[in-house]
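Enquirer: need a structure here:
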Amino acid sequence: MRALIIFSVSALALIACLLSCGNSGDSIIGGLAKDLDNDGPGRLPAITPEDIEESDRAHKEAGLMALWYCDELIASAEIYLKFDTALKFLRNTYADSIPEVNIPFQFPSVVSQILVCLTDSAVQEFRNGTYHQWDSLNTLFRLEQMDTSVYFDITHSVKLTFKGQLHPKYLAGYYEQLEGVVWAERNGYMGDWPNIYPWILDGRVTFLVRNAWGDCPAGCIHSHLFYFKETDSGMEYLGDWQNCDPLPWWHEEAKAAFCKYYYGDPDC
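Expert: Next up is the predicted model:
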């Protein structure tokens, strides 16, 4: 299995800011703006405080799974409940015989946190206490912390952290439209790690559990995979796979979640 690396968004963002701090963005939030997937003009959806409160999921791990799977600012309550129920059944059933099912799900970037790079003029306003372009968004998304401790003088970037479970890609989409903002980006993790990859196939939850080791976090050399699929009677264990073994019969359907997580495409 090839080494897998998730590049540090923080490092890339720092370079981009050094090269481009000096432009300003669109100031119309909820109006015409760059599409979040960068494939043409789009429209940012209106968000209410009630919508934001829905991001406070009782069970954090299932909430993170749903947030990643739905790929939206706020995860669907229906998908959250599906993953929560299936995850509990998985661990209640197999934790003793297959302890790898206890490997936690890790979202690929820091949830509810973004990096925002300001223009020179906005930085000066910020230092003077007169930059207010983001005030309404900070209130709406429930800003918890504003951090300028990391190279602010050089990069002009501010780290914003919010309450709840909000998808950072879509948070960034709102902030990058503000006047005085050069770019806004999620704060990604670097490396590779053991994980559990949730998916929904024909209305049924599946879990691909991956124990991984050897040269992590650069790119784990060894993997041991376990595949589970929801049935009418609960979560069924369909088998396992290790490096160099022949690919199992369930490989084609199980790889979708893994491919989506690492390559952004379930059909890789």
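Enquirer: where does the prediction get shaky in the stretch 51-200 of the chain?
Expert: Along the stretch 51-200 of the chain, the model assigns pLDDT under 70 to no residue.
Enquirer: all helices for it, in order.
Expert: 60-70, 77-94, 120-128, 135-140, 152-155, 168-175 (DSSP state H, counting those that start in this stretch).
Enquirer: Asp192 is nearest to which of those?
Expert: helix 60-70 (16.3 Å; Cβ to Cβ). Yep, even glycine has a C-beta here, placed from its N, CA and C like the rest.
Enquirer: just the angle for the closest one relative to helix 77-94, thanks.
Expert: Counting by axes from the mean of the first three to the mean of the last three Cα atoms, to 10 degrees, helix 60-70 lies at 130 degrees to helix 77-94.
Enquirer: other SSEs contacting helix 60-70?
Expert: Helices and strands touching helix 60-70, by 3 or more Cβ pairs under 8 Å, 6 or more residues apart in numbering; DSSP states H and E, are helix 77-94, strand 195-201.
Enquirer: give me the next element, helix or strand, following the shortest one.
Expert: This means strand 195-201. Scanning forward in sequence from strand 195-201 by DSSP states H and E, the next helix or strand is strand 204-213.
Enquirer: does Gln109 touch Arg186 like I think?
Expert: Actually, residue 109 is Ser. It isn't Gln. Yes: Ser109 lies in contact with Arg186 (Cβ atoms under 8 Å); the separation is 4.4 Å.
Enquirer: can you redo the helices of the stretch 51-200 of the chain as JSON lines with distance to Val209 and mean neighbour count?
Expert: Below are those laid out as JSON lines (distance: least, Cβ to Cβ, whole Å; neighbours: other Cβ atoms under 10 Å):
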{"stretch": "helix 60-70", "distance to Val209": "13", "mean neighbour count": "22"}
{"stretch": "helix 77-94", "distance to Val209": "9", "mean neighbour count": "18"}
{"stretch": "helix 120-128", "distance to Val209": "45", "mean neighbour count": "15"}
{"stretch": "helix 135-140", "distance to Val209": "37", "mean neighbour count": "14"}
{"stretch": "helix 152-155", "distance to Val209": "38", "mean neighbour count": "14"}
{"stretch": "helix 168-175", "distance to Val209": "25", "mean neighbour count": "22"}
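Enquirer: format those as a markdown table; extra columns: distance to Thr206.
Expert: As requested, the helices of the stretch 51-200 of the chain are exported to a markdown table (distance: least, Cβ to Cβ, whole Å):
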| stretch | distance to Thr206 |
| --- | --- |
| helix 60-70 | 11 |
| helix 77-94 | 9 |
| helix 120-128 | 46 |
| helix 135-140 | 35 |
| helix 152-155 | 41 |
| helix 168-175 | 24 |
